[in-house]
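Enquirer: need the 3D shape of this:
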Amino acid sequence: MNAVPKGIAGPSSFLDDRLGAGNFLKRNLRKMFPDHWSFLLGEIALYSFIIILLTGTFLTFWYKPGMGHVMYDGSYAPLKGVMMSEAYASSLELSFDVRGGLLMRQMHHWAALLFIAGMMVHALRVFFTGAYRKPRELNWLIGVLLLTLALAAGLTGYSLPDDLLSGAGLRITEGVAISLPLVGTYITFFLFGGEYPGEDVMSRFYSLHILLIPGIILALVSAHMVLMWVQKHTQMPGKGRTNKNVVGAPFYPAFMAKAGAYFLFTFAVIAGLGTFAQINPIWLFGPYTPADISAGSQPDFYMGFLEGSLRLMPSWEINLGGTSHWGTLPMSVIIPALVPMGIIMTGLALYPFLEQWITGDRREHHIADRPRNNPHRTSIGISAITFYGVLWLLGANDELASFFHVSLNWTTYIGRVMIFVGPALAYMITYRMCLGLQRSDASVIGHGVESGVIKRLPHGEFIEVHTPPADDIEAHMRGKEPVRQVEVDEDAAGIPPKGMRGPLGKLRGRMSKAYGGEKIPLDDGDGHGHGHAEIESGDDDKSLTH
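Expert: Residues are numbered from 1 along each chain as shown. All right, here's what the predicted structure looks like:
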């Protein structure tokens, strides 16, 4: 038996003697992790968050969250003698006078973008593979809350330099907040301390950005990781993989080495972007003044869909009369501010429970689905992406109109149509594509894969030899299982099952019948109910098998 390496034995013995942690370390260091490229998407977000914390700590040493007016006397000559806020002056000092300051600023900004983008694609991976199902619903809710908090962190951090571009975004934020019925004035007062822009907004945003929101995110990330560790990671279907095992590599040393290398790779990408790709050049925008605005102002990508919803919304308002304490409800602001975010975030939070209610599937799931094998779920996801994408694209309708030399009004009108038509088209197209991919799988299972070998049949026809798929490919395809349906059949007395009676029960039954079931059976030949002809390789008499 090989001796335990001294580098492991020494620390393990030290901890075991003092904490009794030997069994804990032995059990957890050998924990198995499945291997699939899509599992690394969540790690991008995690490593980006670590870089955000490190670079953000550096920036706090020099940033001054003050709204007091000062005259700029720094290194950037075009702004010398210009009156500006202390926040903007300290941001310029970080960019031009602090060694490494501009690199840290740009790395911080790029890491923030990658953090939110990483969470988005990670959430999409979890959604499309059904990895949110029992027992992971709570972890899914934590992820949705993390994404919401990340948007809030991005909004508060984006405003801190107090440049003209971020000030325009802050003005929109104030307008949206104050338009909310009942609570709008209170929210505005708590954020700005009085009339816009006030003297307190930067210090309050600063506290939110560096303390409250990151603290909550850090706690939720920790809870997210602990739950993932306890519940074990989902794995893709494949040879030897079941709901009762994990096929992969141990946490130590395989996963730790891979994770460490991937962190360094993520760090290198962010450092490279911070070095060579300029972002948020605040010195070009100038200090914010409420009377000025720049042409073509665009927020960071994660806020683009809210910008688009504001631009697409018609100028509707409800006037409740001069004597009413409600006054005027600006629906052109309230609906864009609440509805798109509400549809996306509330839909994400409720989907695991709605799917469970529709299908009646309360089993534990540790094998992830291939997106094609649940076509309705995949179609719903693509529809949501299309809804988001149309709003995001139309957040730059002025730039689109200018670049393509088309009418700004027509881009808005087309966007108002596409926000409804686009998701519906995306649903139908995606559903048909999923069925087509299922038929392709059935074809491979039914008569094998093309070998490139051409044979001639006795009657003169040429045909390509098909061979059985590789074991791992076949196991991956056969990991498919029908989406469950609730029991809706009536008993001998003609009484529906309990829970399926009444209008709601009947609706559930119809939805379950449409959502669940086997769409294209795997053993259905080419997916159309009949198999393809197949020539067995090595069959010298050219016999035809079916």
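
Enquirer: and the helix or strand harbouring A117, what does it pack onto?
Expert: Counting by DSSP states H and E, the element that carries A117 is helix 101-128. Helices and strands touching helix 101-128, by 3 or more CB pairs under 8 Å, 6 or more residues apart in numbering; DSSP states H and E, are helix 40-60, helix 86-96, helix 137-159, helix 256-276, helix 331-359, helix 375-394. Placement of C-beta: from N, CA and C, glycine included.

Enquirer: so of those, which one's packed in deepest?
Expert: Neighbour counts (mean count of other CB atoms under 10 Å) averaged over each of the helices and strands packed on helix 101-128 peak at helix 86-96, with a mean of 22.

Enquirer: who are the packing partners of it?
Expert: strand 69-71, helix 101-128, helix 282-285.

Enquirer: let's go with 6 Å and repeat that
Expert: Applying 3 or more CB pairs under 6 Å, 6 or more residues apart in numbering; DSSP states H and E, we find helix 86-96 packed against helix 101-128.

Enquirer: pLDDT of the helix it packs on, averaged?
Expert: Mean per-residue pLDDT for helix 101-128: 96.

Enquirer: that one to helix 331-359, inter-axis angle?
Expert: 40 degrees (axes from the mean of the first three to the mean of the last three CA atoms, to 10 degrees).

Enquirer: buried sites along helix 101-128?
Expert: For helix 101-128, the buried set under the neighbour-count rule, 16 or more other CB atoms under 10 Å, comprises 101-120, 122-128.

Enquirer: for that helix, the distance to its chain's centre please.
Expert: From the chain centre to the centre of helix 101-128 is a distance of 10 Å (CA atoms, centre = their mean, to the nearest Å).

Enquirer: likewise stretch 165-172?
Expert: 25 Å.

Enquirer: same question, stretch 174-194
Expert: 29 Å.

Enquirer: and it, end to end?
Expert: 11 Å (CA to CA, to the nearest Å).

Enquirer: same check, this time on stretch 92-110
Expert: 18 Å.

Enquirer: and what of stretch 277-297?
Expert: 19 Å.

Enquirer: try stretch 177-186
Expert: 9 Å.

Enquirer: so I318 touches L329, yeah?
Expert: Yes: contact criterion CB atoms under 6 Å: I318 and L329 qualify, at 4.3 Å.

Enquirer: more crowded one of these two?
Expert: L329 (17 against 11; other CB atoms under 10 Å).

Enquirer: pretty sure the more buried one is touching W316, no?
Expert: No: counting by CB under 6 Å, L329 sits too far from W316 to count as a contact (9.1 Å).

Enquirer: low-confidence stretches in the stretch 201-350 of the chain?
Expert: 321-327 (pLDDT under 70).

Enquirer: how about the helices and strands packed on helix 101-128, which one is nearest R501?
Expert: R501 sits nearest to helix 331-359 of all the helices and strands packed on helix 101-128, at 15.4 Å, using CB to CB.

Enquirer: got the angle between that closest one and helix 375-394?
Expert: 170 degrees.

Enquirer: report all helices and strands that helix 331-359 contacts.
Expert: Helices and strands touching helix 331-359, by 3+ CB pairs under 6 Å, 6+ apart, are helix 137-159, helix 164-179, helix 304-312, helix 502-515.

Enquirer: how about TSV for the ones you listed, with distance to G56 added?
Expert: Converted to TSV, the helices and strands packed on helix 331-359 look like this (distance: least, CB to CB, whole Å):
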stretch	distance to G56
helix 137-159	8
helix 164-179	16
helix 304-312	23
helix 502-515	44
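
Enquirer: what's near enough to touch G42?
Expert: Residues in contact with G42, defined by CB atoms under 6 Å, 6 or more residues apart in numbering, are H122.

Enquirer: if we go to 8 Å?
Expert: 118-119, 122, 125 (CB atoms under 8 Å, 6 or more residues apart in numbering).
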